[in-house]
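**Student:** Sequence and computational prediction follow.
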Amino acid sequence: MTDLMKQCTDVHGADQTADASDTVAGHPHQVFRDPAGDPVVETYSITGMGHGQPVAPGSGSGSEQCGTAGSYILDVNLCAAYRLGRAWGLG
């Protein structure tokens with residue numbers, strides 16, 4: 001994640017110091033902005049998670065709930081596909 005953040009911020013002319021930091025579903029989240037102030041890179045650090053796709057199965061049909069846990073699909077209460085689509089302006 002750190003190496004990808006460094007590569008992508010470099011491509012966009014952004015520095016490697018997060019412009020915003022918070023938590024999402026209890027996990028650290030950072031936003032890196034380009035010189036124009038537009039968000040160009042976001043990271044989510046899932047503490048203790050190995051290699052896998054994070055999902056938030058939930059008990060309903062909320063927009064941030066997705067998938068079911070299984071091999072390499074890990075229930076960490078954060079849906080990576082939803083967050084990625086939102087960052088790309090798809091939702």
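**Tutor:** That came in fine, so what should we check first?
**Student:** tell me the domain ranges of the protein?
**Tutor:** Under automatic domain parsing, the residue ranges defining each domain of the chain are 1-45, 49-91.
**Student:** Look up how far F32 lies from E64.
**Tutor:** 22 Å (CB to CB, to the nearest Å). (Each C-beta comes from the backbone N, C-alpha and C, glycine too.)
**Student:** And the two? Which one has more around it.
**Tutor:** Here E64 and F32 are compared on neighbour count by other CB atoms under 10 Å; more neighbours surround F32, at 21 against 15.
**Student:** so where does that one fall, helix or strand?
**Tutor:** strand 27-33 (DSSP states H and E).
**Student:** Identify the residues contacting the residue lying closest to Q30 once chain neighbours are set aside.
**Tutor:** Nearest residue to Q30 in three dimensions, chain neighbours excluded: A18, at 3.7 Å (CB to CB, 6 or more residues apart in numbering). Neighbour list for A18: 30-32, 43 [criterion: CB atoms under 8 Å, 6 or more residues apart in numbering].
**Student:** related to what we said a few turns ago, I'd like the next helix or strand past the strand holding F32.
**Tutor:** Defined by DSSP H and E, the subsequent element after strand 27-33 is strand 39-44.
**Student:** what angle do that next one and strand 27-33 make?
**Tutor:** Per axes from the mean of the first three to the mean of the last three CA atoms, to 10 degrees, the angle that strand 39-44 makes with strand 27-33 is 170 degrees.
**Student:** tilt between the longest helix along the chain and strand 27-33?
**Tutor:** As assigned by DSSP state H, the longest helix anywhere in the chain is helix 2-11. Using the same axes, to 10 degrees, the direction of helix 2-11 lies 20 degrees away from that of strand 27-33.
**Student:** Just the buried positions in the helix or strand just after helix 2-11, please.
**Tutor:** As assigned by DSSP H and E, the chain's next helix or strand after helix 2-11 is strand 20-24. Buried residues in strand 20-24, counting neighbours by 16 or more other CB atoms under 10 Å, are absent.
**Student:** Good, wrapping up.
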